[in-house]
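*Asks:* What follows is a predicted protein model with its sequence.
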Amino acid sequence: MCGIVGYIGKKKAIDILLNSLKRLEYRGYDSSGIAIYCEDEKKLDIIKKSGKIKDLVQEIERRNPSSSHIGIAHTRWATHGEPNDINAHPHFDCNKKIALVHNGIIENYRTIKSFLLERGHKFKSDTDTEVIVHLIEEFYKGDILESVKKSLKMIEGTYGILVLSSYEPNTIIAARKGSPLIIGKAEDQMIAASDASAIVSLTNQILYMQDGDIARLTKDDVEIFNLETDRITDKEFEQIDITLSQIEKGGYNHFMEKEIFEQPEALQNTFRGRVDIVNGTFRLNGIKDKFRDLLNAERIIITACGTSWHASLIGKYLIEKFTQIPVEVDYASEFRYRNPIITPKTVVILVSQSGETADTLAALRESKNKGATTIGICNVVGSTIARETDCGIYTHVGPEIGVASTKAFTAQVLVFFMLSVALGRKKMLTFEDGINLIKNVEIIPDKINEILNDKDRISKIDKIVEKIYNKTNFLYLGRGINYPVALEGALKLKEISYIHAEGYPAAEMKHGPIALIDENMPALFISLKDSIYEKIINNIKEIKARKGYVIAIANKGDREIEKIVDDVIHIPDTIEELSPLLAVIPLQLIAYKTAVKKGLDVDMPRNLAKSVTVE
Ligand code: G6P
């Protein structure tokens, strides 16, 4: 799931490409590179480097390439071939007349490589990508678009590609299948990129390419063809409303920090305009056409990956509680390969911040294939999952750049809350229940603010971080609706601080993990005054009896718990159904501050990427 961008126009291509690459770096940062057409020498030049974009910038300064107004660029998350300079994109054909960047995976690259080797092509890298550019070279007969078309017809797998050629130095060819690609248009300029964040500094006029589209871009025109039918497809550019300030750090040290602190406002945006006080419910216009299918569903399956999967587990709890409709939650990567049982009365909900995760997208397509009604819960407007589901609910929290998801998680939980109340009001919830639930939601942003802006609480978290940052293991324990929060706390710590952490249902601890407990194993309990509070207290005592270091997330007024644990982080009271929205905030802060304390790259943790568009 790399990031790609291409530019043609009146400005200096390198400046635009580097600026856009920085915005795409969240998609992968193992290496990066650019290819430009040098107008003086009338040839292509490629500059590429392993490491982050700052390393590429140094290399470009060292090489000082001649000026150009057209180029393509790439930031890589390695799949085939280690992350070194040679495997970095762009890749050249044998004669250095064609350069290509690719996001995706070519599944039949071995077969194609043998075919090309027999025809005398020389390969330099270990990547699957390099076969595409040699294939284009093999088929080139005077028209670059035609040779790209012919090549793509031979390829199995997923791709978003951009092709630059010195045969046609005023043209970029773009094509997509399974990997996102967007085109932006400004006066005398055209840009194509993996996502809108790489485009918005130049233009708000964008066009979403569809799977199977292949486009020829010049500085003032774009023609799009369907690869199958070879026909021109008419597409309109549309206006999008992401602003530059939404994707910049705005005074924070890291995007993750900014996104944690943005949550009160972000969640307000999630429920804004959706509260229906007259009927004591939430109005979710995005799903109104399929609302009846949901109400009459025999079974709901929620499928997602990573943090979105954790939010889905909370979704199951809420939907079952308020509607009594059976809900299953499945990892998208498992769901798609296990021949799931889908009847006409099954509704599948796909949850994805990016709306591009390959496994979730494949699960969506499999569900549609089997006739299910599909509903998306996505953040990125116009993303593939958002477009391919029958209908959906956007989380509306603005771009999330930090690789470790924070505001998208709380917004997904909030969407599940609204959805389950809206369904519940047609089933077992009374008008009074609905009003009470709405009132509780409306004050959640203030309560999150209270957690984030209380100096004593923050210095308590700092002290805890001092005690844990050099540990190698960590247990997160919770029960009921807060068990998924324990999973999410553990994932956050693993992702950015590289401390091994496990999330467990607190009562399961005695069936194994308790063997790990000693003074070197911190355990964090989410121990709120809810229906199972007493049981959690028993679980805490079991750990304290074995000399474990225990941190508790507890309600504001709970002073008793201070006597039995080592450190307490108090959070404001709310109803059980909304408690994950508050309990997760200190966990996000602990993970963030631990990674900062360890001097790690919070926004770009090793080996990860924000948007996983490979299987
Ligand atoms: C990656 C990210 C996670 C994210 C997961 C699912 O692994 O690093 O933060 O939760 O993908 O992403 P999605 O965009 O589908 O929610």
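*Replies:* Thanks, I have the structure now. Residues are numbered from 1 along each chain as shown.
*Asks:* Near the ligand, which residues of the stretch 501-615 of the chain are found?
*Replies:* Residues of the stretch 501-615 of the chain that fall close to the ligand, judged by Cβ under 6 Å from any ligand atom: Leu608, Lys610, Ser611, Val612. Every residue, glycine included, has its C-beta placed from N, CA and C.
*Asks:* For the residues you listed, work out which two are farthest apart.
*Replies:* The distance between the two most remote of these (Cβ to Cβ) is 10.5 Å, for Leu608 and Ser611.
*Asks:* the more surrounded of the two?
*Replies:* Counted by other Cβ atoms under 10 Å, Leu608 and Ser611 do not tie: Ser611 has more neighbours, with 27 against 17.
*Asks:* Could you give the average pLDDT over the helix or strand where Thr303 lies?
*Replies:* Assigned by DSSP states H and E, Thr303 falls within strand 299-304. For strand 299-304, mean pLDDT is 97.
*Asks:* Could you list every helix and strand in contact with that strand?
*Replies:* Secondary structure elements in contact with strand 299-304, counted by 3 or more Cβ pairs under 8 Å, 6 or more residues apart in numbering; DSSP states H and E, are helix 306-323, strand 327-331, helix 332-335, strand 346-352, helix 358-369.
*Asks:* Rebuild these as a markdown table, extending it with mean neighbour count.
*Replies:* Formatted as a markdown table, the helices and strands packed on strand 299-304 follow (neighbours: other Cβ atoms under 10 Å):
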| stretch | mean neighbour count |
| --- | --- |
| helix 306-323 | 24 |
| strand 327-331 | 19 |
| helix 332-335 | 21 |
| strand 346-352 | 29 |
| helix 358-369 | 22 |
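*Asks:* Where do the helices of the stretch 451-600 of the chain begin and end?
*Replies:* 455-468, 483-497, 533-544, 579-597 (DSSP state H, counting those that start in this stretch).
*Asks:* can I get the CA coordinates of the second one in CSV?
*Replies:* Meaning helix 483-497. Taking Å, rounded to 0.1, in the frame of the first residue of the first chain, the C-alpha atoms of helix 483-497 are listed here in CSV:
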residue,chain,number,x,y,z
TYR,A,483,-13.0,-5.6,26.7
PRO,A,484,-12.5,-4.3,23.1
VAL,A,485,-11.1,-1.1,24.7
ALA,A,486,-8.4,-3.3,26.4
LEU,A,487,-7.6,-4.8,23.0
GLU,A,488,-7.4,-1.3,21.5
GLY,A,489,-5.1,0.0,24.3
ALA,A,490,-2.8,-3.0,23.8
LEU,A,491,-2.7,-2.4,20.0
LYS,A,492,-1.9,1.3,20.4
LEU,A,493,1.1,0.5,22.7
LYS,A,494,2.4,-2.3,20.4
GLU,A,495,2.1,-0.2,17.3
ILE,A,496,4.0,2.9,18.4
SER,A,497,6.1,2.0,21.4
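*Asks:* Against which helices or strands is it packed?
*Replies:* Packing partners of helix 483-497 (3+ Cβ pairs under 8 Å, 6+ apart): helix 306-323, strand 473-478, strand 500-505, strand 522-526, helix 579-597.
*Asks:* so can I have JSON lines of those showing distance to Glu262?
*Replies:* As requested, the helices and strands packed on helix 483-497 are arranged in JSON lines below (distance: least, Cβ to Cβ, whole Å):
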{"stretch": "helix 306-323", "distance to Glu262": "16"}
{"stretch": "strand 473-478", "distance to Glu262": "24"}
{"stretch": "strand 500-505", "distance to Glu262": "24"}
{"stretch": "strand 522-526", "distance to Glu262": "23"}
{"stretch": "helix 579-597", "distance to Glu262": "12"}
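*Asks:* between the ones you listed, which one is nearest to Gln268?
*Replies:* Nearest of the helices and strands packed on helix 483-497 (Cβ to Cβ): helix 579-597, 12.3 Å.
*Asks:* in the closest one, what's buried?
*Replies:* Within helix 579-597, the residues that count as buried by 16 or more other Cβ atoms under 10 Å are 579-596.
*Asks:* That one versus strand 522-526: what angle between them?
*Replies:* Counting by axes from the mean of the first three to the mean of the last three Cα atoms, to 10 degrees, helix 579-597 lies at 150 degrees to strand 522-526.
*Asks:* Now do helix 579-597, average pLDDT.
*Replies:* 97.
*Asks:* cool, stretch 9-19 as well?
*Replies:* pLDDT averaged over stretch 9-19 gives 96.
*Asks:* Give me the buried positions along it.
*Replies:* Those would be Gly9, Ala13, Ile14, Ile16, Leu17, Leu18, for stretch 9-19 by 16+ other Cβ under 10 Å.
*Asks:* immediately after the host helix or strand of Ile34, which helix or strand?
*Replies:* Per DSSP H and E: Ile34 is located in strand 31-38. Going down the chain from strand 31-38, the next helix or strand is strand 43-50, by DSSP H and E.
*Asks:* Now find how far off-centre that following strand is within its chain.
*Replies:* 29 Å (Cα atoms, centre = their mean, to the nearest Å).
*Asks:* what's the next helix or strand after that strand in contact with?
*Replies:* Downstream of strand 43-50, the next assigned helix or strand under DSSP H and E is helix 53-63. Contacts with helix 53-63, where a contact means Cβ atoms under 8 Å, 6 or more residues apart in numbering, come from 14, 18, 21-22, 25, 29, 32-34, 47-49, 75.
*Asks:* ok, the residues you listed vs the ligand, which is closest?
*Replies:* Tyr29 (12.6 Å; Cβ to the nearest ligand atom).
*Asks:* I figured the closest one was touching His74, is that so?
*Replies:* No. If you go by Cβ atoms under 8 Å, Tyr29 and His74 don't touch, sitting 11.3 Å apart.
*Asks:* Looking at the two, which is more packed in?
*Replies:* Between Tyr29 and His74, His74 has the larger neighbour count (other Cβ under 10 Å), namely 32 against 28.
*Asks:* so what does whichever strand or helix holds that one touch, helix or strand wise?
*Replies:* For His74, the host element (DSSP H and E) is strand 70-76. If you count contacts as 3+ Cβ pairs under 8 Å, 6+ apart, strand 70-76 packs onto strand 3-9, helix 13-24, strand 31-38, strand 98-103, strand 159-165.
*Asks:* I'm done for today, thanks for sticking with me.
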